[in-house]
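>>> What would the 3D arrangement of this be:
(one chain, ligands or ions: 2)
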Amino acid sequence: MEKIIDENKQGESLVLEQKEGNQRKLFIESYGCAMNFSDSEIVASILANQGFNTTQNLEEADLVLVNTCSIRDKAEQTVRKRLEKYNAVKRDLNPKMKVGVLGCMAERLKTKFLEEEKIVDLVVGPDAYKDLPNLLAEVDEGRDAINVILSKEETYGDISPVRLNTNGVTAFVSITRGCDNMCTFCVVPFTRGRERSRAPQSILEEVTNLWNRGYKEITLLGQNVDSYLWYGGGLKKDFDKASDIQKATAVNFANLLELCAKAQPKMRIRFSTSNPQDLTLDVVKTMAKYQNICNHIHLPVQSGSNRILKEMNRLHTREEYMELIDNIRRILPNCTISQDMIVGFPTETEADFQDTVSLMKYVKYHFGYMFTYSERPGTMAERKMIDDVPEEVKKRRLQDIVDLQREHSEIRTKAFLNNIVEVLIEKESKKSELQWSGRTSQNVVTVFPKENYKIGDFVNVQVTDCTSATLIGKAIGLSENN
Ligand code: SAH
Ligand code: F3S
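Ligands and ions are numbered 1, 2, ... in the order given. The predicted structure is shown next:
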């Protein structure tokens, strides 16, 4: 199953159409969440106007950019290894190459990067990409360049991103930037700044443009999409101060979903990520009303213990979350639900952990992403709490819930056996060149023989078999959505 964080794609270098006349070569690589992959498309668009074409060959690059992730220590270690690799190529094969760090690590480490990592020439935070042309001019003159200023307005709504390494069928459309939630374990509010929403008009234009270019599915992206709020610009936290007319004409996430669904009635619409404290029943009802909004909600809960939820500053209880799940099931019986979970948060006892296990048993998620707690510098948890759960306990708890999730995924996947599901074909199956791979509305990966179908077709597939997470079947015809 695919989440917005596709582990297979981590570190993939990106290529786009070559613009004639561009002489310089850009190698750009992304790590972390879908927002980073989407941001790299914005960066490549900006640099295409600065004489850069992309390359996948490090040795010939004039400029190497790495879009980085700070969410866990391991993510940062991976990037550091890549920087060592660039360093070696620069030293041995390509001395003219310049190296820049983008994204969350750039924001978190700021000038420390220029001091610590001698290889870095350029440090650019997530809100400063439009300054890249100026920063590159500095670098060309032999100086280090840095801009890590966070913005209250920047949404890149006016930049039409190029699509990198695309399958031509599915695309990300970012709708909010930053996050105001301040979960105590999370570095994102520090690296991506305050939450702001992009104008609905610019989102709708991008959706229509994608449809006209043959795209069939979009994922509306944000750290906390349910918190989307447009009232003419400005930070979410300043909405109180908006005028009456601004308040009366404001667009919330349920409204935006409806606008997108109506604008392109055949375009599949997904969104990620939802936060239980902000997901409203209006959103769920809108999903029920429009056939083209996919029946899947990624609804991270992080823990099943009320005490730990409170320590994490997740602003809901276990009971409220369960009630939300019940409501989703009532309004949208066919909706799949997935989770993110953290084990070993400071002070987590065995009893707290068992609450996580029992919550998982209550929901029986279709799939999920589980992590051991990683202390992040500057977060509330790091400042106020001791990372006191021993590593081996964290690992054991993680293994327990990974095993439990596998059982649940299997039960959930088997429930589709003998059904007919609508699949949007995205690519060739990794396991066989004779098979297509795509996803159902519920985000379940499905493979089936290619026959005469092609990428981008919506196909009805009779499910005949499955693995723990993938449906296997046979096409019975094009669906009505084509
Ligand atoms: N709202 C965001 C969450 C970003 S982080 C989104 O768009 O998905 C993705 C997941 O990483 C979180 O849901 C959480 O489960 C995990 N995570 C975040 N900080 C972490 C930390 N310090 N240690 C371990 N896992 C963490
Ligand atoms: Fe992080 Fe919580 Fe926002 S997990 S991205 S602070 S919703």
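>>> Tell me where this structure is predicted with low confidence.
For the chain, applying pLDDT under 70 flags the ranges 1-9, 12, 14-17, 117.
>>> Within range of ligand 1, give me the residues from it.
33, 71-72, 185-186, 188, 223-224, 273, 300, 302, 340, 342, 371, 373-374, 376 (C-beta under 6 Å from any ligand atom). To be clear about C-beta, it is placed using only N, CA and C from the backbone, and glycine gets the same treatment.
>>> In helices, which of those residues appear?
Using DSSP state H, the members of these that fall in helices are Val188.
>>> Give me the contacts around stretch 248-260.
Residues outside stretch 248-260 that contact it (C-beta atoms under 8 Å, 6 or more residues apart in numbering): 175, 200, 203-204, 207, 218, 220, 225-232, 239, 242, 267, 269, 271, 280, 282-283, 285-287, 289-290, 293.
>>> nope, stretch 85-97 is what I meant
Contacts for stretch 85-97 (C-beta under 8 Å, 6+ apart): 58-64, 66, 99, 118-119.
>>> how about the CA coordinates for stretch 463-474, as CSV?
Provided in CSV are the C-alpha atoms of stretch 463-474 (Å, rounded to 0.1, in the frame of the first residue of the first chain):
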residue,chain,number,x,y,z
VAL,A,463,-10.6,-9.9,-7.3
THR,A,464,-9.7,-13.5,-7.3
ASP,A,465,-6.8,-13.7,-4.8
CYS,A,466,-4.7,-11.5,-2.5
THR,A,467,-1.5,-11.2,-0.5
SER,A,468,-1.5,-9.4,2.9
ALA,A,469,-1.7,-6.0,1.3
THR,A,470,-2.3,-6.5,-2.5
LEU,A,471,-5.3,-7.6,-4.4
ILE,A,472,-4.9,-9.9,-7.4
GLY,A,473,-7.5,-10.1,-10.1
LYS,A,474,-8.7,-10.0,-13.7
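>>> buried set for it?
Applying a neighbour-count criterion of 16 or more other C-beta atoms under 10 Å, the buried positions in stretch 463-474 are 463, 466, 468-473.
>>> which residues make contact with it from outside it?
1, 367, 406, 409-410, 413-414, 416-421, 440, 444-449, 461-462.
>>> Please parse the chain into its domains.
7-147, 170-414, 420-478 (automatic domain parsing).
>>> With respect to Gly157, which of the ones you listed lies nearest?
Smallest distance to Gly157 across the domains of the chain (C-beta to C-beta): 3.9 Å, for domain 170-414.
>>> Now find how far off-centre the closest one is within its chain.
Put simply, domain 170-414 sits 10 Å off its chain's centre (C-alpha atoms, centre = their mean, to the nearest Å).
>>> Tell me the buried residues in the lengthiest helix in the chain?
Of all the segments of type helix in the chain, defined by DSSP H, the longest one is helix 391-414. For helix 391-414, the buried set under the neighbour-count rule, 16+ other C-beta under 10 Å, comprises 393-394, 397-398, 400-401, 404-405, 408-409, 412-413.
>>> ok, now stretch 328-336?
Within stretch 328-336, the residues that count as buried by 16+ other C-beta under 10 Å are 328, 332, 335-336.
>>> Also stretch 202-211?
Quick answer for stretch 202-211 (16+ other C-beta under 10 Å): 202-204, 206-207, 210-211.
>>> Residue in the stretch 151-300 of the chain with the shortest distance to ligand 1?
Going by C-beta to the nearest ligand atom, ligand 1 is nearest to Thr273 of the stretch 151-300 of the chain, at 3.4 Å.
>>> Excluding covalently adjacent residues, which one is nearest to that residue?
His298 (5.4 Å; C-beta to C-beta, 6 or more residues apart in numbering).
>>> and what of Ile203?
Nearest residue to Ile203, sequence neighbours excluded (C-beta to C-beta, 6+ apart): Ile175, at 5.7 Å.
>>> returning to that earlier point: can you list the buried residues of stretch 202-211 in CSV and add distance to Arg80 and secondary structure?
Formatted as CSV, the buried residues of stretch 202-211 follow (distance: C-beta to C-beta, whole Å; DSSP: H, G, I helix; E, B strand; the rest coil):
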residue, distance to Arg80, secondary structure
Ser202, 36, helix
Ile203, 35, helix
Leu204, 40, helix
Glu206, 34, helix
Val207, 37, helix
Leu210, 35, helix
Trp211, 40, helix
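>>> any chance of the residues you listed in a markdown table, plus distance to Glu320?
Listed next are those as a markdown table, based on distance: C-beta to C-beta, whole Å:
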| residue | distance to Glu320 |
| --- | --- |
| Ser202 | 34 |
| Ile203 | 30 |
| Leu204 | 33 |
| Glu206 | 34 |
| Val207 | 32 |
| Leu210 | 36 |
| Trp211 | 37 |
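>>> relative orientation of the helix or strand where Val461 lies and helix 391-414 in degrees?
Per DSSP states H and E, Val461 falls inside strand 458-466. Strand 458-466 runs at 110 degrees relative to helix 391-414, counting by axes from the mean of the first three to the mean of the last three C-alpha atoms, to 10 degrees.
>>> thinking again about what came up before, could you check how far the residue nearest to Thr273 is from ligand 2?
For His298, the distance to ligand 2 equals 12 Å [C-beta to the nearest ligand atom, to the nearest Å].
>>> shouldn't that residue be in contact with Arg270?
No - taking C-beta atoms under 8 Å as the definition, His298 is not a contact partner of Arg270, at 9.0 Å.
>>> Buried residues in stretch 235-247, which are they?
The neighbour-count check on stretch 235-247 (16+ other C-beta under 10 Å) flags 235-236, 242 as buried.
>>> Let me have those in CSV, adding secondary structure and distance to Gly157 as columns.
Below are the buried residues of stretch 235-247 laid out as CSV (DSSP: H, G, I helix; E, B strand; the rest coil; distance: C-beta to C-beta, whole Å):
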residue, secondary structure, distance to Gly157
Leu235, strand, 15
Lys236, helix, 16
Ala242, coil, 19
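>>> Run a quick neighbour tally on Met105.
Look at Met105: counted by other C-beta atoms under 10 Å, it has 27 neighbours.
>>> cool, the one 4 residues further on as well?
As a burial measure, Leu109 scores 22 neighbours (other C-beta under 10 Å).
>>> Same question for Val461.
Other residues within reach of Val461, judged by other C-beta under 10 Å, total 27.
>>> what about it, distance to Thr470?
Distance, Val461 to Thr470, using C-beta to C-beta, to the nearest Å: 12 Å.
>>> which neighbours do the two share?
Thr446.
>>> before we move on, back to that, make a PyMOL selection of whichever of the contacts of stretch 248-260 turn out to be buried.
A single PyMOL command is used to select the members of the contacts of stretch 248-260 judged buried by 16+ other C-beta under 10 Å:
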select buried, resi 175+200+203+204+207+218+220+225+226+227+228+229+230+231+242+267+269+271+283+286+287+293
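>>> Mind checking which of the contacts of stretch 248-260 are in helices?
If you go by DSSP H, the contacts of stretch 248-260 have 200, 203-204, 207, 282-283, 285-287, 289 in helices.
>>> And the strands in the stretch 301-450 of the chain?
Here the stretch 301-450 of the chain has its strands, by DSSP state E, counting those that start in this stretch, at 336-343, 367-372, 420-428, 435-440, 445-449.
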